[in-house]
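[1] sharing a sequence plus its predicted fold:
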Amino acid sequence: MDSIEHGYTCILNVDKNIDGIEGEHLPGKTDEHVRRIESHDQALVNIPPAICNIFINIEEIDLNRCLIEKIDNDSFKGCKKLKSLKLERNQISQIDENAFIQNPDLEYIELWSNQLTTLPENVFISQQKLQYLAIDSNRIVSLPSNVFKPLKSLKTINLSSNRISALNPEWFETLYGLENLYLHFNQIEELPEGIFTHLSQLTQFSMYSNRLRVIHSNSFGYHPNLQFAWLQMNQIEAIDERFILNTSVSEISMNLNVCAHGTIVDTTRSRTRMRMALRFCFENFENLEADSLKQLLIDRIQSPRINV
């Protein structure tokens, strides 16, 4: 199959035990012309090494629902021009640390709906061109601190539908160009101070269906490009008003929270509708801050107890 969108594509019926791949090309085409490999709904278990051994100019691999269990260090060895990798809806539970080391041109990786619980710390060491990473719908509880550090070009990361309860600020430390961050359907209870302050290009932030109770402005800082914040189905009872004033957010979804309910849309600079709809959340935050300050002062001036 030859198309403008994908280039010359081979749709494979691959036996997991074969050393080679048999078939016929379109007239005038050879193995070197193949730019895309597609294979769905097959019992491969492992990624056939023949793919990268035979199709040396391959740019896109799509192996969907193939019961793949592991990505090892040799899985994509030889696919040095690979740009797009789609391995969703498999059974991948392990990725070796050097699995993508020979694929520096990767721009797009989909690993959603697998069985990953974590990733090796240096698995993306060569992926400075990666723009899109989807590892949602896995079983991830935590990740190494520096796992995303090499991803200087990343624009979208999807970590939703995992089992994450705490965010590590180091995950996002170098993602200066990030535009879309999806963290919904996890078990996150709080946003650490300063965690998103440097993500000035952030446009969409999805955090619905977690366990958030308070939104602090110092988690975000000044965000001139943020447009959409999806916070529904949390337990939010207080929001710092500066979160609204320091961003350009035009739509906030607050359905099924404690202090507000509904989707609030307001593009005016004054944020009139948002400030009215979230007034109870703001007042709760002011009371929370006042109580915290009061307790801090009490702790500071309280006389030490002397035992005699």
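    Thanks, I have it. What you are looking at is a predicted structure, and each value in this text was computed from that prediction instead of being measured.
[2] show me where the stretch 1-150 of the chain has helices.
    For the stretch 1-150 of the chain, the helices defined by DSSP state H, counting those that start in this stretch cover 50-54.
[3] pLDDT weak spots in it?
    Across the stretch 1-150 of the chain, residues meeting the criterion (pLDDT under 70) sit at 1-30.
[4] just the strands in it please.
    Remark: strands assigned in the stretch 1-150 of the chain by DSSP state E, counting those that start in this stretch are 2-3, 7-11, 36-40, 60-64, 70-71, 84-86, 94-95, 108-110, 132-134.
[5] in space, what's closest to Thr117 - neighbours in sequence excluded?
    Arg139 (4.9 Å; Cβ to Cβ, 6 or more residues apart in numbering). From N, CA and C alone the C-beta is placed, and that goes for glycine too.
[6] mean confidence for stretch 200-212?
    If you average the pLDDT over stretch 200-212, you get 97.
[7] straight-line length of stretch 267-278, end to end?
    Using Cα to Cα, to the nearest Å, one end of stretch 267-278 lies 15 Å from the other.
[8] now do the helices in the stretch 201-308 of the chain.
    242-245, 272-277, 279-301.
[9] deepest in the core, which of those is it.
    Ranked by mean neighbour count under mean count of other Cβ atoms under 10 Å, those are led by helix 242-245, which reaches a mean of 18.
[10] show me the contact partners of it.
    Helix 242-245 has contacts (Cβ atoms under 8 Å, 6 or more residues apart in numbering) with 215-217, 220, 271, 274-275, 278.
[11] that one - what's its average pLDDT?
    What helix 242-245 shows for mean pLDDT is 93.
[12] from the chain's centre, how far out does it sit?
    Relative to the centre of its chain, helix 242-245 is centred 24 Å away, using Cα atoms, centre = their mean, to the nearest Å.
[13] likewise stretch 87-103?
    The chain centroid and the centroid of stretch 87-103 are separated by 16 Å under Cα atoms, centre = their mean.
[14] now it: buried residues?
    Across stretch 87-103, burial judged by 16 or more other Cβ atoms under 10 Å covers 87-90, 92, 94-95, 98-103.
[15] next one: stretch 253-267
    Residues of stretch 253-267 classed as buried by neighbour count (16+ other Cβ under 10 Å): 253-254, 257, 259-260, 264, 266.
[16] coming back round to it: list the residues that contact the residue nearest to Thr117.
    By Cβ under 8 Å, 6+ apart, the contact set of Arg139 is 115-117, 162-163.
[17] for the nearest residue to Gln127 once chain neighbours are set aside, give me its contacts.
    Ranked by Cβ to Cβ, 6+ apart and with sequence neighbours excluded, the top spatial neighbour of Gln127 is Leu106, at 5.3 Å. The contact partners of Leu106, by Cβ under 8 Å, 6+ apart, come to 82-85, 100, 126-127, 129-130.
[18] quick check: Leu106 vs Ser248, distance?
    Using Cβ to Cβ, to the nearest Å, Leu106 is found at 32 Å from Ser248.
[19] also Glu38?
    Glu38 is 40 Å from Ser248, where distance means Cβ to Cβ.
[20] what's the first-to-last distance across stretch 260-280?
    Stretch 260-280: ends 7 Å apart by Cα to Cα.
[21] need the contact partners of that stretch.
    Residues from elsewhere that reach stretch 260-280, judged by Cβ under 8 Å, 6+ apart: 232, 236, 239, 241, 244-245, 249-255, 259, 281-282.
[22] make it 10 Å
    215, 227-232, 236-239, 241, 243-245, 247-256, 258-259, 281-282, 284-285 (Cβ atoms under 10 Å, 6 or more residues apart in numbering).
[23] any idea how far the residue lying closest to Lys77 once chain neighbours are set aside is from Ile236?
    Nearest residue to Lys77 in three dimensions, chain neighbours excluded: Gln102, at 5.5 Å (Cβ to Cβ, 6+ apart). Distance of Gln102 to Ile236, computed by Cβ to Cβ: 45 Å.
[24] kindly report the same for Glu179.
    From Glu179 to Ile236 the distance is 24 Å (Cβ to Cβ).
[25] still on that earlier bit, surely the residue nearest to Lys77 touches Ile125?
    No: with contact defined as Cβ atoms under 10 Å, Gln102 does not reach Ile125; the gap is 11.2 Å.
[26] among the helices of the stretch 201-308 of the chain, which comes closest to Ser145?
    Nearest to Ser145 among the helices of the stretch 201-308 of the chain is helix 242-245; the distance by Cβ to Cβ comes to 26.2 Å.
[27] and the closest one, C-alpha only, in CSV?
    Output of helix 242-245 as CSV, limited to C-alpha atoms (Å, rounded to 0.1, in the frame of the first residue of the first chain):
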residue,chain,number,x,y,z
ARG,A,242,-4.1,33.9,42.0
PHE,A,243,-4.4,30.7,40.0
ILE,A,244,-7.1,32.4,37.9
LEU,A,245,-5.4,35.9,37.9
